[in-house]
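In: model the structure of this input:
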Amino acid sequence: MTFSEYSPNSVVRLLIQTCLLLALLGFVGHAVASGEEMNRAMDQFIRGTIADEMGDYYRAVFHYQEALRLDSTSAFVYVALAQDYALLGKPEAALALLDRALVVRENYVPALELKLVILRGTGEPLQAEGVLRELVKADPENVNYLRQLLGIDLELGKYDDADKVFSQIARVDSLVDLFSRQVIAVYLTAGETKRAIRLLESLIASDSTDASLLYVLGTSYLQTGDSLAGESLIEQANELDPAMARYWVARAFFALNRREYERTLTILDSALLHVDPQPPILNLQGTALNQLGRSAEAIEAFLRSLEMDSTSFGTMGTLALIYDGLDSLEEAVRWYERAIAASDSAAVYLNNLAYTYATRGINLEHARVLVLRALDADPENGAYLDTMGWIEFGLGRYRPALKWLKKALRAINDDATTMEHVGDTYRKLGSRGKAQRYYREALKLNPDNESLLRKINE
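Out: Here you go, the predicted structure:
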């Protein structure tokens, strides 16, 4: 974010004008060798400022150097010369001159301001912070200094210092509410959610009708684990601004996450009275319908979503899962292949298609290639390891299958499906006792599994 527009060239020109004004006031307070030398130094300084105005920086440098030769006690001459070195791309020389100016005149504001510009321009935030603290000490109510100091503290991750500076800004800046939104965004991006919440609560205390603030505060509460307060605030934002689709989507997502599928659909029906259909709404609708066993309606919702966003590989993958569950192999394969292509071969879709083949005992060699690609991307994924083991099982390679399946169990403890697969493999290897042990462990995790009950009772 931008806390202040600080153009080096514009600052340099401003400082030149300031220095010229000081010079015209007569080099007040500086000891020089004689009145003649003072006049000659003044003349050189004015010639330098005229050269600056004409953009002739090399000539200006010459005149300022002559002025310093005649009068080495005028801080603003060092600043003027430093400005030109900065403009000529010699920041180190400029900084050296500014340090000399600060020796001549401690805490000299034009020198500090130019030093700040150069340090920020050369990527030295720590040193720039030190300069800004000197400027703030000299002028504690200067909002520009305070904002820049806050920006650097945030950039450096010095959030405790940033909080203190923000408190100073709040005391002197009438536009602090607008500015605080930028600070909130930085805190949220940096994961400093609790700091953001404090600022959000302060803003809402002065205006509780700002739906966007209520929504951001609600999502911030959710990040800290306070789901009750978070959902309540998002619902308030939704009531204040029902034309904002993301508020409806958030409410529907909460209901879906609680497995309140009918309520999810009710929220989405209300949403569609206020906003146009869009992929997030249709995807949530399709998910809730599918969970309620209304597969045909779910498919229709997902297809409508894809009409609006034909690149959504997540929606394609969900459609493939639904068709797979309906035992519509051709459609399942078609949508998995589209998801793989659209996602640039995402591992999850490679694995899912491989498992679709493995559970049916078809295209096993191709399935093996697919899951190996998935494992290349995520070699410790238990689901992918299980798929690999089950493919080997289908190919009659029981020893390799057992190796893969045991590795899968180490990656995903207490998985009933993988345990059943291990049991099936031991049974094929003639180890009935071991098979029964795995079947019984799997049954503890999935007591309604009729397949396991039959195998145990055989």
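
In: any stretches of the chain with poor pLDDT?
Out: 1-35 (pLDDT under 70).

In: centroid-nearest residue for the chain?
Out: The structure's the chain has its C-alpha centroid closest to residue 189; by CA atoms, centre = their mean the separation is 5.1 Å.

In: spit out the contact partners of it.
Out: Residue 189 sits next to no residue when contact means CB atoms under 8 Å, 6 or more residues apart in numbering. C-beta: built from backbone N, CA, C; applies to glycine.

In: where's it relative to residue 152, distance?
Out: Using CB to CB, to the nearest Å, residue 189 is found at 16 Å from residue 152.

In: kindly export stretch 414-427 (C-alpha atoms) in PDB.
Out: Provided in PDB are the C-alpha atoms of stretch 414-427 (Å, rounded to 0.1, in the frame of the first residue of the first chain):
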ATOM      1  CA  ASP A 414      -7.400 -45.500  11.000                       C
ATOM      2  CA  ASP A 415      -8.700 -45.600   7.400                       C
ATOM      3  CA  ALA A 416     -11.300 -48.300   7.000                       C
ATOM      4  CA  THR A 417     -11.000 -48.700   3.300                       C
ATOM      5  CA  THR A 418      -7.200 -49.100   3.300                       C
ATOM      6  CA  MET A 419      -7.500 -51.600   6.200                       C
ATOM      7  CA  GLU A 420     -10.000 -53.600   4.200                       C
ATOM      8  CA  HIS A 421      -7.700 -53.600   1.200                       C
ATOM      9  CA  VAL A 422      -4.800 -54.800   3.400                       C
ATOM     10  CA  GLY A 423      -7.100 -57.600   4.700                       C
ATOM     11  CA  ASP A 424      -8.100 -58.600   1.100                       C
ATOM     12  CA  THR A 425      -4.400 -58.800   0.100                       C
ATOM     13  CA  TYR A 426      -3.500 -61.000   3.100                       C
ATOM     14  CA  ARG A 427      -6.300 -63.200   2.200                       C
END
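
In: how about the helix or strand that residue 270 is a member of: buried residues?
Out: Using DSSP states H and E, residue 270 maps to helix 261-271. If you call a residue buried by 16 or more other CB atoms under 10 Å, then helix 261-271 has these buried ones: 261, 263, 264, 265, 267, 268, 271.

In: can you check stretch 245-261 too?
Out: 245-256, 261.

In: just stretch 372-380 next, same as before
Out: Going by neighbour count (16+ other CB under 10 Å), the buried part of stretch 372-380 is 373, 374, 375.

In: also stretch 41-59?
Out: For stretch 41-59, by 16+ other CB under 10 Å, it's 41, 42, 44, 45, 47, 48, 49, 51, 52, 57, 59.

In: go through those residues and name the one nearest residue 314.
Out: residue 57 (57.7 Å; CB to CB).

In: distance of the closest one from residue 46?
Out: 16 Å.

In: and for residue 399?
Out: Applying CB to CB, the value for residue 399 to residue 46 is 94 Å.

In: need the residues that contact stretch 222-234.
Out: With CB under 8 Å, 6+ apart, stretch 222-234 has contacts from 193-194, 197, 214-215, 217-221, 247, 250-251, 254.

In: give me the buried positions along it.
Out: In stretch 222-234, counting by 16+ other CB under 10 Å, buried: 222, 229, 230, 231, 233, 234.

In: starting at the chain centroid, how far to stretch 427-446?
Out: 46 Å (CA atoms, centre = their mean, to the nearest Å).

In: so which bits of it are buried?
Out: Buried, per 16+ other CB under 10 Å, within stretch 427-446: 427, 434, 435, 436, 438, 439, 441, 442, 443.

In: again, but for stretch 190-210
Out: So stretch 190-210, judged by 16+ other CB under 10 Å, has buried residues 192, 193, 195, 196, 197, 199, 200, 203, 204, 210.

In: give me the distance from it to the chain's centre.
Out: Taking the mean of its C-alpha atoms, stretch 190-210 sits 18 Å from the chain's own mean (CA atoms, centre = their mean).

In: which residues are in contact with that stretch?
Out: For stretch 190-210, contacts defined as CB under 8 Å, 6+ apart pick out 154, 157, 159, 163, 166, 177, 180-181, 183-184, 187-188, 213-214, 216-217, 220-221, 223-224, 240.

In: okay then, goodbye and thanks.
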